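1. sequence-free structure coming up:
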DNA sequence: TCCTTGAACGTAAGCGCTTACGTAACCGCT
DNA sequence: AGCGGTTACGTAAGCGCTTACGTTCAAGGA
């Protein structure tokens, strides 16, 4: 392929640094320095080494490099469930900047299991990743939570870099969607349309995210003399199916609702399907809202009024945060939560919903 | 650093094999064998070592282990775009079995760029992953394609394991959705309803997947005396937006269509939105079909008739294939493509679509 | 002229593990 | 008793890199 000789290197063996050094007529130390841009090599020599490396197709062995104390080039990403569009889009953002930075990323998903998440994080650390990004609302459950915090802390102390997305209370860099503002905005929108009999479908209250969204929603309710305590709330799983179950329960408990506010889009989609099955028209008879603005929200019929969270951006920011030189104090980046009003909300009917 | 000491290991330092060996009073070789389950250690000794390891929280250093020739525990996954539900679900399947097998996975996405894909694969190899899974239709473009094939071949020769999803023609293990059968089924369904004026929205014809789907569709058309050549076909990008553009173009070229067959769900969704904007009712005036059965297909209004591909399963199968002992001849696993008839298809109107 | 100095490069010591090989103890056999 | 064959363990040689420390040499100051 290159060189004056028949076959410079045996077929099927990856060239090592030694090969490059030999071919370039230098020591392996010099070759290493030249390729990593370390000082102590003349520019002409460095150039020569680089050429040889390119010509033989040399790629450094990651494990050897890392073991020897070189810079690490893989980052870890922990999500709840990669099949979920919310996390898939975050991952997409992370992969995007990783590609630019020449990094590769190891992804784990916990299946929403706190214990599993802890294990994943430990595995990533054992794998020697240089940075870890944890996405997804933290679990309020204090036992595991403390362990996660502890693990990340000692990882930080060992020189690791950490950024979390969508959770707080940890002494690490954070990218946080403005859940409180989002919750406020969506309820403000709904009450602004005139709704007063509002039902809420929430995800697990053990998630910090939910806590924050409910907080903002409570404030918005208070501005019109309502509050969370007197509002029917059903807690469901964060999935379409969970939304169905919760919507049914909500309608049973409060048949005269004029609006259903779901705390994520998947559950809102489930609610829509229940309403459709029962022949209840949206938004004429009931308004429905979601949260997140996953890609399909706009394609539903009716298209879904929701709160847009910039998932891809959050992923990008998180990695950039993790990659930038560590600050003394943990940094916080807020991601704007933006109300997206579509066709699933409208003013309530004059006389309330007919009780058919 | 260590010795008869006050503190067995300094706080903040990960315990190494040496620490475990010392604590257990054995040599590091024995400790290694005990922990990796290699023969040559008495069961009682092995048990003792394992206890010590657990008590000090020992986790093997991945890089050292791999460098020294131990088993590799990371696999690579290359997809077109992780934010795309199709790939996200495949990834979910892969991560699922990886977790069970104690593996971690590095994910790269190429952004549908053949060159980038090649680079990603090379990076993964350089990173020393033990297996590589490439998902997503192959590019027909022969130049890059040959390079990918070559790279994977030499990786295989070096003892790597490879499985591909949704592409063929490579001398590696393959999980292939039955695109041909799927294409046949969906068109059979449509012509079975009585449609004869059918338009097709395809993705890039440079993808092998598309080639296969069209093949099956062609056969189904022939069974009722039609063929692809006389069928209006518009080629679009594999996205919702691409579907919109293509649908508009299709309606312009053939205003009297009674059915639109899109080659993936995203494009079908785009088509639906164009039809809705124009006040054309689906399925009364036009039937629409998709392909893939992404999660939301059932939540659209009307819900989408499509072909279900078991993405998660395909991911699982691919990793299992890659993990199983290599066979002499490349293995093929077929994933069933199943017609899912929903509400977006119906018999054509008697008189054809009114030309409003 | 000698010595200092620094740039440029080489030597070699690991990083934390796996494993080929060596060794000691012990078994059963002739 | 002496021998080969196991079994159970220890010793040490790397895996392919990075980097602290040496070495060499040319330039410059006294």
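-> Nice, I can see it. Just so it is clear, the structure is predicted and the values come from calculations on it, not from any experiment.

2. Residue A:310 reaches residue A:340, doesn't it?
-> No - using C-beta atoms under 8 Å as the test, residue A:310 is too far from residue A:340 to be in contact (11.8 Å). Backbone N, C-alpha and C define where each C-beta goes, glycine included.

3. Please spell out which residues along the worst-scoring helix or strand of chain A on mean pLDDT are buried.
-> Sorted by mean pLDDT, DSSP states H and E, the helices and strands of chain A end with helix A:142-157, the least confident at a mean of 84. Buried positions in helix A:142-157, judged by neighbour count with 16 or more other C-beta atoms under 10 Å in any protein chain shown: A:144-145, A:147-149, A:151-152, A:155-156.

4. Need the residues that contact the helix or strand following that helix.
-> Where DSSP states H and E defines the elements, the next helix or strand beyond helix A:142-157 is strand A:161-165. Strand A:161-165 is contacted from outside by A:90, A:130-136, A:138, A:152, A:155-156, A:170, A:172-176, A:314-315, A:318-319, A:321-323, A:326, using C-beta atoms under 8 Å, 6 or more residues apart in numbering or on different chains.

5. Each with direction, which strands does strand A:161-165 pair with?
-> Strand A:161-165 pairs in its sheet with strand A:131-135 (parallel), strand A:173-177 (parallel), by DSSP bridges.

6. Turn those into CSV, columns for mean pLDDT and mean neighbour count.
-> Shown next, in CSV, are these (pLDDT from 0 to 100; neighbours: other C-beta atoms under 10 Å in any protein chain shown):
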stretch, mean pLDDT, mean neighbour count
strand A:131-135, 94, 26
strand A:173-177, 92, 24
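
7. Tell me the residues on the stretch 201-350 of chain A that lie near DNA strand D, please.
-> The stretch 201-350 of chain A has no residues near DNA strand D, with proximity defined as C-beta under 7 Å from any atom of the strand.

8. Give me the pLDDT value at the nearest residue to residue A:304 once chain neighbours are set aside.
-> Nearest non-adjacent residue to residue A:304, counting by C-beta to C-beta, 6 or more residues apart in numbering or on different chains: residue A:297, 4.2 Å away. pLDDT for residue A:297: 90.

9. neighbours around residue A:297, how many?
-> If you count neighbours by other C-beta atoms under 10 Å in any protein chain shown, residue A:297 ends up with 24.

10. what's the answer for residue A:119, then?
-> 14.

11. wait, what's in contact with it?
-> Taking C-beta under 8 Å, 6+ apart, one finds nothing in contact with residue A:119.

12. what does the one 10 residues further on give?
-> Contacts for residue A:129 (C-beta under 8 Å, 6+ apart) come out as A:72, A:74-76, A:106, A:160.

13. The stretch 101-250 of chain A: strands as residue ranges?
-> Counting by DSSP state E, counting those that start in this stretch, the stretch 101-250 of chain A has strands at residues A:104-109, A:131-135, A:161-165, A:173-177, A:198-202, A:233-235.

14. State the pLDDT value of the residue in the stretch 201-350 of chain A that DNA strand D sits nearest to.
-> Closest to DNA strand D within the stretch 201-350 of chain A is residue A:325: 16.9 Å, counting by C-beta to the nearest atom of the strand. At residue A:325, the model reports a pLDDT of 84.
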